[in-house]
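J.: Curious how this folds, go ahead:
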Amino acid sequence: MKDEGHTHVGVAAIGQWKTNASSKYQYTCEPFRSEHQDGMIVVTCHLSGNFPGSPIDLRYFFRLERGKVAYLETRP
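T.: Have a look, this model is predicted:
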């Protein structure tokens, strides 16, 4: 998983990233678009909260393998 310029690999690392982000910031994410692009699912969300740069529309790029997220990257 890539976010904020860092790569997080594995369930434990991704869980720690989520815990840290949730403790630092309060935010809401409202999805408003979903599409397929270059073999990935792309979900665009309106993200707002108490973080620098809020609000922003972020794109979440997912690749699924055997029904699980194998790759996730966030981009503005």
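J.: Report the mean confidence score over stretch 21-32.
T.: The pLDDT scores in stretch 21-32 average 90.
J.: What's the local residue count around Gly15?
T.: 11 (other Cβ atoms under 10 Å). All C-beta spots, glycine's among them, are computed from the backbone N, C-alpha and C.
J.: So for stretch 67-76, what gets flagged as buried?
T.: Within stretch 67-76, the residues that count as buried by 16 or more other Cβ atoms under 10 Å are Leu72.
J.: same deal with stretch 52-66?
T.: Tyr60, Phe61.
J.: cool, and stretch 9-29?
T.: Buried residues in stretch 9-29 (16+ other Cβ under 10 Å): Trp17.
J.: Let me see the contact set for the residue of the chain lying at maximal distance from its centre.
T.: Going by Cα atoms, centre = their mean, the residue of the chain most distant from its centre is Arg66, 19.8 Å out. If you count contacts by Cβ atoms under 8 Å, 6 or more residues apart in numbering, Arg66 has none.
J.: how much space between it and Pro52?
T.: In this view, Arg66 and Pro52 are 37 Å apart by Cβ to Cβ, to the nearest Å.
J.: ok, now Val9?
T.: The gap separating Val9 from Pro52 is 25 Å, by Cβ to Cβ.
J.: go on, Leu64?
T.: 31 Å.
J.: Kindly report the same for Gly10.
T.: 27 Å.
J.: Ok, Gly39 next?
T.: When Gly39 is compared with Pro52 (using Cβ to Cβ), they lie 32 Å apart.
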